[in-house]
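S.K.: mind folding the following:
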Amino acid sequence: MDTPDCITVECNLCGSTHAEPIRVGRDLMLGHPGEWTLVQCRRCGFIYLNPRPRDMAPYYEGSYLPFEHRPKHTLIPRRPKSKIEEVSVGAAGGYYSLLQQVTKATSGQLLDVGCATGDFLVVAATAGWTVTGCDLSIFATEQAKQRMRPFPDARIFHGTLESLQLSSDSFDIVTLWHSIEHVENPKATLHEVYRLLKPNGRLILQTPAWLSLESQLFKHYWAGLDFPRHLSLFSHTTLKRLLQQIGFSSIRSLYQTSYYFSLTSIIFAAQQYLPATLLSKLYQLLSLGPMMLYSSPFFRVIDNCGLGSLLTFVASKPMPLKHHDDRFS
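M.R.: Numbers count the residues shown, from 1 in each chain. The predicted structure is shown next:
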């Protein structure tokens, strides 16, 4: 890749142009050349990549992890307990569990922003939801379209959410699973999410937590950096402030273990010392279910202390009480 054409941006949260560098790093996921700088706004504390590539598309070329299907690793193969479990791959099953925490509904209109190859959409559609997805990757959306063929009502779009011009007040649930950190303008994207949600509709959003213990321990090996694809990084404070600015209400946090996210940071650090063959074996070993089970008390304590690696928020689009729909309570 040639020297990238970069642009300089202002803080998306408060509009200030005054920021200071706080961390420098390289692309550990795909190995694209270049050194990138995270800055922190001096006014509000928001963290963002500055300068950043004008064209992000080349930085998703290669074996980008969210676009790959990752099988489950278990010590003893077993038959899935349900159709939902049968179709769940990667993180999709965990995402669906979070959806079940947010709503008692098992059907409705669901939009997944940054749907990648459709792992979560397959699970949601299997459960009974009418699903729509969008992603910036042509490769990912084509894969998602192929996988959604058994669901004739499913819609998959290539492009930014803002460019799709979907109808207002049309979705019961909008999800952004590790997507908000990738968008160029988080505030504009969340404004569009707000417009698209029905009154009392819910946003579920998950993103890396900048102030996590893992971020501080792993430094430039932390998976949440993902230079230069992660354009914005949030703390609990800055993300909640952004949601409040847009008008969301009933903002609260949900818990999901960050074990598999932390696993990526471990691999990034280990690749400096281990050959690829051993890295692959290490990843498979650490991906085993029992490994997560044994470590879950540690991750639960870390998260309860506010130092977990994932921020998972749910927020509502307000509506008059007389129109309250308790399906989404």
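S.K.: once you drop chain neighbours, what's closest to Ser215?
M.R.: Trp222 (4.8 Å; C-beta to C-beta, 6 or more residues apart in numbering). C-beta coordinates here come from the backbone N, C-alpha and C atoms, glycine included.
S.K.: and Gly224, how close does it get to Tyr48?
M.R.: Distance, Gly224 to Tyr48, by C-beta to C-beta, to the nearest Å: 13 Å.
S.K.: who's more crowded, those two?
M.R.: With neighbours defined as other C-beta atoms under 10 Å, Gly224 and Tyr48 compare such that Gly224 has more, 25 against 22.
S.K.: what pLDDT does the model give that one?
M.R.: The confidence metric pLDDT takes the value 96 at Gly224.
S.K.: isn't it up against Leu211?
M.R.: No - checked against C-beta atoms under 8 Å, the pair Gly224 and Leu211 is beyond contact range at 10.6 Å.
S.K.: before we move on, back to that, which residues are common contacts for Gly224 and Tyr48?
M.R.: Overlap of the contact sets of Gly224 and Tyr48 (by C-beta atoms under 8 Å, 6 or more residues apart in numbering) consists of Leu233.
S.K.: what's the following helix or strand after the lowest-mean-pLDDT helix or strand in the chain?
M.R.: In the chain, no helix or strand scores lower on mean pLDDT, DSSP states H and E than helix 83-87, which sits at a mean of 62. Moving toward the C-terminus from helix 83-87, the next helix or strand (DSSP states H and E) is helix 92-102.
S.K.: give me the contact list for that following helix.
M.R.: By C-beta under 8 Å, 6+ apart, helix 92-102 touches 84-85, 88, 119-120, 122-124, 127, 173, 175, 177, 202, 204, 206, 254, 256-257, 312, 314, 328.
S.K.: swap in 6 Å and give it another go.
M.R.: Residues outside helix 92-102 that contact it (C-beta atoms under 6 Å, 6 or more residues apart in numbering): Asp119, Phe120, Val123, Trp177, Arg202, Ile204, Leu254, Gln256, Val314.
S.K.: CSV please, covering the residues you listed and showing distance to His191.
M.R.: Formatted as CSV, the contacts of helix 92-102 follow (distance: C-beta to C-beta, whole Å):
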residue, distance to His191
Asp119, 27
Phe120, 23
Val123, 28
Trp177, 19
Arg202, 16
Ile204, 17
Leu254, 23
Gln256, 26
Val314, 18
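S.K.: and those, which of them are in strands?
M.R.: Per DSSP state E, strands hold the following members of those: Trp177, Arg202, Ile204, Val314.
S.K.: where exactly do the strands run in the stretch 1-150 of the chain?
M.R.: For the stretch 1-150 of the chain, the strands defined by DSSP state E, counting those that start in this stretch cover 6-7, 19-25, 36-41, 47-49, 52-53, 109-113, 130-135.
S.K.: same question for the stretch 151-300 of the chain.
M.R.: 155-158, 171-177, 197-208, 232-233, 249-253.
S.K.: in space, not sequence, find me the middle residue of the protein.
M.R.: His178 (0.8 Å; C-alpha atoms, centre = their mean).
S.K.: gap between that residue and Cys41?
M.R.: Taken as C-beta to C-beta, the span from His178 to Cys41 is 22 Å.
S.K.: same question, Tyr273
M.R.: From Tyr273 to Cys41 the distance is 36 Å (C-beta to C-beta).
S.K.: and what of Arg149?
M.R.: According to C-beta to C-beta, Arg149 and Cys41 sit 45 Å apart.
S.K.: which of the two has more residues huddled nearby?
M.R.: Using other C-beta under 10 Å, the more surrounded residue of Arg149 and Cys41 is Cys41, with 22 against 8.
S.K.: surely the more buried one touches Ser16?
M.R.: Yes - between Cys41 and Ser16 a contact is recorded at 5.4 Å, counting by C-beta atoms under 6 Å.
S.K.: any shared contact partners between those two?
M.R.: Residues touching both Cys41 and Ser16 (C-beta under 6 Å, 6+ apart): none.
S.K.: can you point out the buried residues in whichever helix in the chain runs longest?
M.R.: If you go by DSSP state H, the chain has its longest helix at helix 289-304. When burial is assessed from 16 or more other C-beta atoms under 10 Å, helix 289-304 yields the following buried residues: Met292, Phe299, Ile302, Asp303.
S.K.: gap between stretch 255-263 and the chain center?
M.R.: On the basis of C-alpha atoms, centre = their mean, to the nearest Å, stretch 255-263 sits 12 Å off its chain's mean C-alpha point.
S.K.: and what of stretch 209-219?
M.R.: Stretch 209-219 sits 17 Å away from the centroid of its parent chain (C-alpha atoms, centre = their mean).
S.K.: how about residues contacting it?
M.R.: Contacts with stretch 209-219, where a contact means C-beta under 6 Å, 6+ apart, come from 47, 222, 224, 233, 235, 262, 265, 302, 307-311.
S.K.: among those residues, which ones are buried?
M.R.: Buried among the contacts of stretch 209-219 (16+ other C-beta under 10 Å): Ile47, Trp222, Gly224, Leu233, Ser235, Ser262, Ser265, Ile302, Gly308, Ser309, Leu310, Leu311.
S.K.: TSV for the residues you listed, including distance to Tyr59?
M.R.: Shown next, in TSV, are the buried ones among the contacts of stretch 209-219 (distance: C-beta to C-beta, whole Å):
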residue	distance to Tyr59
Ile47	19
Trp222	18
Gly224	16
Leu233	16
Ser235	24
Ser262	23
Ser265	20
Ile302	30
Gly308	27
Ser309	22
Leu310	23
Leu311	23
